[in-house]
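# Predicted model, plus sequence, below.
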Amino acid sequence: MSLSSVGMSLLLQVIDPQLPTFPVREVFEVAYAFLLIFTVRGYMLLILVGMTIFATGLGDSAAKQFVILGVGLCVLGPVLTPLVSGLLGLQPLSIDQSMDIWIRVLHVPDAELVGLALYAADAVSAVCFLVGAILYFNPASGDLKERGHSLMVRSLILAPVVLFLHLSPLFQ
């Protein structure tokens, strides 16, 4: 008895036959397709969103979680994707098939989504640097000077990430 058949049989035992049917297999296929896309290119979106949130200083813990999830998908994704496919008993998808599912669900290709996030990160980086410079050089109190310095440093941390993604051949 394979691991995939055990997983599906346990799942089918949990589902009550009296309840209305729910397309469980289709949901798993869509989730698997999204995992595959995030393993291939979507991890950059997660890292970019995390770094952008970090630059604003609004949610450091959320920013760290996005970056850790993105790096984790980049490193563990190639190992995790076949494991999930085998565990759920799904046929391995190609990148083209998973892109078709991505576009069918979100109606936007992943490269365009990352491109939009990249331009938003450009704007956030510029605004954070300018606001930080204004707060730093026109201090009304020492607290505003420290906050301005923090915003400028955070935007300078985001700038190389944005530059790398602008120069990346994946989005040319």
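Looks like it arrived, so ask away. Quick caveat, the model's predicted, so the values are computed rather than measured.
# switch to C-alpha atoms for all contacts and neighbour counts from now on
Will do.
# C-terminal to the helix or strand bottoming out on mean pLDDT in the chain, what's the next element?
Ranked by mean pLDDT, DSSP states H and E, the weakest helix or strand in the chain is helix 3-14, scoring a mean of 60. Beyond helix 3-14 in the direction of the C-terminus, DSSP states H and E gives the next helix or strand as helix 24-37.
# How far off centre is that next one?
A distance of 16 Å separates the centroid of the chain from that of helix 24-37, by CA atoms, centre = their mean, to the nearest Å.
# tell me which residues of that helix are tucked away?
28-30, 32-37 (16 or more other CA atoms under 10 Å).
# now do stretch 155-167
Buried residues in stretch 155-167, defined by neighbour count with 16+ other CA under 10 Å: 155-159, 161-162, 165-166.
# excluding its backbone neighbours, what's nearest Asn138?
Lys145 (7.8 Å; CA to CA, 6 or more residues apart in numbering).
# distance of the one you found from Phe137?
Distance from Lys145 to Phe137, counting by CA to CA, to the nearest Å: 7 Å.
# Looking only at neighbour counts, state which of these two leads.
A direct count of neighbours by other CA atoms under 10 Å for Lys145 and Phe137 places Lys145 higher, at 19 against 12.
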